[in-house]
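*Asks:* Here you go, sequence then predicted model.
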Amino acid sequence: MNDQQQPPQHQAKQPGDENAMHPEPEYIRDSYRGADKLLDKVAIITGGDSGIGRAVAVHYAREGADSVIVHLKESRDAEATKRLVEAEGRRCLVLKGDVAAPSFCREIVNRTKREFGKINIVINNAAEQYDWDDITEIPDDQLLRTFQTNLFSHFYLTKAALPHLSEGDTIIATSSINAFKGNDTLIDYTATKGAIQGLVRSLAMSLMDRGIRVNAVAPGPVWTPLIPASFEAEKVAEFGNQVPMKRAGQPSEIGPAYVYLACEESSYMSGQTLHLNGGVILNT
């Protein structure tokens, strides 16, 4: 394959707009056939407007689930995702706000209950990242913000949703390959992803007796709006070349993992992580 998988490009704000990417990511393959694996389930998906979150929402809709997609600023992307979900014949509620605020996470749960009457799946997916050459460059307020968005939001939303979850329901976190191998320029981001791994394992143990499963997906390089919003144009052009497959993954290649972790076919799995990373071998 070509060394350069996408042209140089940069977006000046986080978490980025999918509609401004060239090429736009693939969110689901035409060949994906739903089988009602999540029929009439209700899922909350943070960062659900684009990237992996959009892929999860559309795959879930094709499997029969309704979704609440939560986003920060990207209203155009969020409305596009809503249309995609509704085109699959399912309902979609769009909520705009900051998951770093515990009050908003409580509002997400309350609005979901009012709209759908239940919650079955919680996807903690929202994240931000910044490229630093040295830890001394990271401002204190940015360090706090990265942890608030990437990690604290998992606590806030899980705390709010847990009283409404029952046996057979699931919590899924988006981790990262960086939690297992480190990253010399995504230091604070990588630290949050490592903490997510500890949270997933601990929550899985805590909720085992209630029959609520907790797992994670740890993607490698995936072509999402966070990439042009995080890196300079030339680095974006080389994004994905560092893995054995020599390319970035597409969200369409990640979404089915979230289907598996949410459906009964994964009923013997909790506290675990699925690694979709382009062939990187990790000692986990």
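*Replies:* All right, it came through fine. Numbering: from 1, shown residues only.
*Asks:* mind listing the helices for the stretch 51-200 of the chain?
*Replies:* 51-62, 75-87, 102-116, 140-147, 153-161, 178-181, 187-207 (DSSP state H, counting those that start in this stretch).
*Asks:* and among those helices, the most buried is which?
*Replies:* Of all these, helix 51-62 has the most neighbours on average by mean count of other CB atoms under 10 Å, namely a mean of 29. To be clear about C-beta, it is placed using only N, CA and C from the backbone, and glycine gets the same treatment.
*Asks:* mind checking how far the closest residue in space to D98 that isn't next to it in sequence is from F152?
*Replies:* Once flanking residues are discounted, D98 sits nearest to F104: 5.7 Å by CB to CB, 6 or more residues apart in numbering. Between F104 and F152 the distance is 12 Å, computed by CB to CB, to the nearest Å.
*Asks:* coming back round to it: just checking, the residue nearest to D98 touches N110?
*Replies:* No - the criterion here is CB atoms under 8 Å, and F104 misses it with N110 at 10.4 Å.
*Asks:* quick one: contacts for T284?
*Replies:* Applying CB atoms under 8 Å, 6 or more residues apart in numbering, we find T284 in contact with 180, 273, 275.
*Asks:* Now render those residues as a markdown table, adding pLDDT and distance to D98.
*Replies:* Output for those, formatted as a markdown table (pLDDT from 0 to 100; distance: CB to CB, whole Å):
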| residue | pLDDT | distance to D98 |
| --- | --- | --- |
| F180 | 97 | 28 |
| T273 | 98 | 27 |
| H275 | 98 | 30 |
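*Asks:* From those, pick the one nearest E18.
*Replies:* Minimum distance to E18 across the contacts of T284 is 24.3 Å, recorded for H275 (CB to CB).
*Asks:* Double-check that that closest one belongs to a strand.
*Replies:* Yes - assessed with DSSP: H, G, I helix; E, B strand; the rest coil, H275 lies in a strand.
*Asks:* and it, what are its bridge partners?
*Replies:* A218 (DSSP bridges).
*Asks:* thinking again about what came up before, model confidence score at the residue nearest to D98, please.
*Replies:* pLDDT recorded at F104 is 98.
*Asks:* What of the one 10 residues further on?
*Replies:* Looking at R114, its pLDDT reads 98.
*Asks:* Identify the residue nearest the geometric centre of the protein.
*Replies:* When the chain is reduced to its mean C-alpha position, the nearest residue by CA atoms, centre = their mean turns out to be N125, at 2.9 Å.
*Asks:* gap between that residue and V94?
*Replies:* 15 Å.
*Asks:* Need the distance between the two termini of stretch 85-99.
*Replies:* 22 Å (CA to CA, to the nearest Å).
*Asks:* what about Q272, neighbour count?
*Replies:* Q272 has 16 neighbours, counted by other CB atoms under 10 Å.
*Asks:* isn't it right next to A216, touching?
*Replies:* Yes - between Q272 and A216 there is a contact at 7.5 Å, judged by CB under 8 Å.
*Asks:* In a markdown table, list the contacts of T284 along with distance to H71.
*Replies:* Output for these, formatted as a markdown table (distance: CB to CB, whole Å):
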| residue | distance to H71 |
| --- | --- |
| F180 | 28 |
| T273 | 25 |
| H275 | 26 |
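*Asks:* What does R213 show for phi and psi?
*Replies:* Phi and psi for R213, reported as degrees, to the nearest 10, are phi -90, psi 150.
*Asks:* How much space separates it from D169?
*Replies:* For R213 relative to D169 (CB to CB), the value is 8 Å.
*Asks:* ok, how many other residues are close to G48?
*Replies:* 31.
*Asks:* meant to ask about P244, not that
*Replies:* Residues within reach of P244, counting by other CB under 10 Å, total 11.
*Asks:* what's near enough to touch the residue nearest to it when sequence neighbours are not counted?
*Replies:* Once flanking residues are discounted, P244 sits nearest to G279: 3.5 Å by CB to CB, 6+ apart. Counting by CB under 8 Å, 6+ apart, G279 touches 243-245.
*Asks:* likewise R90?
*Replies:* Residues counted as contacts of R90 (CB under 8 Å, 6+ apart) are 60-61, 64-67.
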